[in-house]
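S.K.: Okay, structure incoming, though there's no sequence with it:
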């Protein structure tokens, strides 16, 4: 998909320039906090959310120039969730570099004479502040749309929906995800996990698609059928994306994903893959499989045993079939719009995201 990657590169360049030129971070103090705020937004990423927003805008006949501030805002907004996620998950790396809380902790020891024994808390405290400021920066960037081709009424409506709906849903989804390991895995059904995935992951993708359509139509009614179709399209993509992520966490290649395999089992985190496995096993098999959940280390032999349980139970096929159906449903929804270059780019993006190996 050379054209897709070339267009994503163009979007990335545009968003990078917009974010780097924005003056919002300039007055943040202390200075190391300002650097913590800009680290993730400045170091890039796939820029998938800006691409979805701008291509949905173009697909509905809108001017992508009018959508670029909203697109940059969503990239910044996404980054505050990463900063806080890394704290919650105790991850010290992000995109191959020290995560925000780790970077600040290291800086505090080297340049602020903070004792090493309290540097971790120091880093976490300032990373929380950095994520909070990033959220404010995102809203400010979104409101700037009103100065660049978006009506003031629509800019306010988008900001309100981001705070009133997306923010609440996304953080609630994270809250559910954090609580799930403390429940008995037998108590879950797949639909409950999928709903959490929508709240935690898909809701922001859905907002990006909605925002692009709303800007194209200059429409503040998010129940408009065209905007609602874009919402459903991105919802299907977001849930399928997370299901693929969970599958890669068991069956992927760590050298390609860059993530620790079996981390969901180590943390006793319920996924559709694990819940469906447990649900499909005999009592004796279930007892054995459950004994493999929550271990600190998995040998190659044990990994293969766990994988065979998941495969033989039918859970792997269930999840892969679910991803395939969501992929088809998402592309079918795009097919209701007039054929254009941006529609084809979105279709290619869906195929790439949901068949990825990393």
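M.R.: Yep, that arrived. None of the values given here were measured: they were computed from a predicted structure.

S.K.: three-state assignment of residue 176?
M.R.: helix (DSSP: H, G, I helix; E, B strand; the rest coil).

S.K.: how much space between it and residue 250?
M.R.: Computed as Cβ to Cβ, to the nearest Å, the residue 176 to residue 250 distance reads 21 Å. Quick note: C-beta positions are derived from backbone N, CA and C, even for glycine.

S.K.: Neighbour count: those two, which is higher?
M.R.: Neighbours were counted for residue 176 and for residue 250 using other Cβ atoms under 10 Å; residue 250 has more, 23 against 16.

S.K.: just checking, next helix/strand downstream of the strand or helix carrying the more buried one?
M.R.: Using DSSP states H and E, residue 250 maps to helix 225-251. Later in the chain than helix 225-251, the nearest helix or strand by DSSP H and E is helix 254-257.

S.K.: Next SSE downstream of that following helix?
M.R.: helix 263-266.

S.K.: residues making contact with that following helix?
M.R.: 246, 249-250, 260, 269, 271, 274, 292-296, 298, 306 (Cβ atoms under 8 Å, 6 or more residues apart in numbering).

S.K.: Swap in 6 Å and give it another go.
M.R.: Here helix 263-266 makes contact (Cβ atoms under 6 Å, 6 or more residues apart in numbering) with 249, 271, 293.

S.K.: Then stretch 284-296?
M.R.: By Cβ under 6 Å, 6+ apart, stretch 284-296 touches 265, 268, 278, 281, 306, 309.

S.K.: wait, residue 104 sits on residue 126?
M.R.: Yes: taking contacts as Cβ atoms under 6 Å, residue 104 lies within contact range of residue 126: 4.6 Å.

S.K.: And the two? Which one has more around it.
M.R.: Neighbour comparison, residue 104 and residue 126: the larger count goes to residue 104, with 27 against 22 (by other Cβ under 10 Å).

S.K.: What helix or strand is that one located in?
M.R.: Secondary-structure element containing residue 104, defined by DSSP H and E: helix 100-111.

S.K.: Spatially, which two of the contacts of stretch 284-296 are the most separated?
M.R.: Distance extremes for the contacts of stretch 284-296: the farthest pair is 268 and 281 at 16.9 Å, using Cβ to Cβ.

S.K.: These two: who's more crowded?
M.R.: residue 281 (19 against 16).

S.K.: how about that one, what does it touch?
M.R.: Applying Cβ under 6 Å, 6+ apart to residue 281 gives the contacts 289, 313.

S.K.: Can you list the low-confidence ranges for the stretch 251-358 of the chain?
M.R.: Low-confidence segments of the stretch 251-358 of the chain, defined by pLDDT under 70: 257-259.

S.K.: hey, where'd the helices end up in it?
M.R.: 254-257, 263-266, 272-280, 283-290, 300-312, 315-334, 341-354 (DSSP state H, counting those that start in this stretch).

S.K.: Please identify the deepest-packed of these.
M.R.: The highest average neighbour count among these, using mean count of other Cβ atoms under 10 Å, belongs to helix 272-280 at a mean of 22.

S.K.: Outside of that helix itself, list whatever touches it.
M.R.: 185, 188, 190, 193, 246, 286, 310, 313, 314, 315, 318, 319.

S.K.: Now that residue 76 has come up, it's in contact with residue 39, right?
M.R.: No: if you go by Cβ under 6 Å, residue 76 and residue 39 don't touch, sitting 11.9 Å apart.

S.K.: For those two, indicate the residue with more neighbours.
M.R.: Counted by other Cβ under 10 Å, residue 76 and residue 39 do not tie: residue 76 has more neighbours, with 27 against 21.

S.K.: Could you check how far the more buried one is from residue 89?
M.R.: Taken as Cβ to Cβ, the span from residue 76 to residue 89 is 21 Å.

S.K.: Repeat that for residue 215.
M.R.: On the measure of Cβ to Cβ, residue 215 and residue 89 end up 34 Å apart.

S.K.: Show me which of those two is the more surrounded one.
M.R.: A side-by-side neighbour count of residue 215 and residue 89, using other Cβ under 10 Å, places residue 215 first with 30 against 12.

S.K.: Which residues are in contact with residue 50?
M.R.: Contacts of residue 50 (Cβ under 6 Å, 6+ apart): 11, 15, 71, 75.
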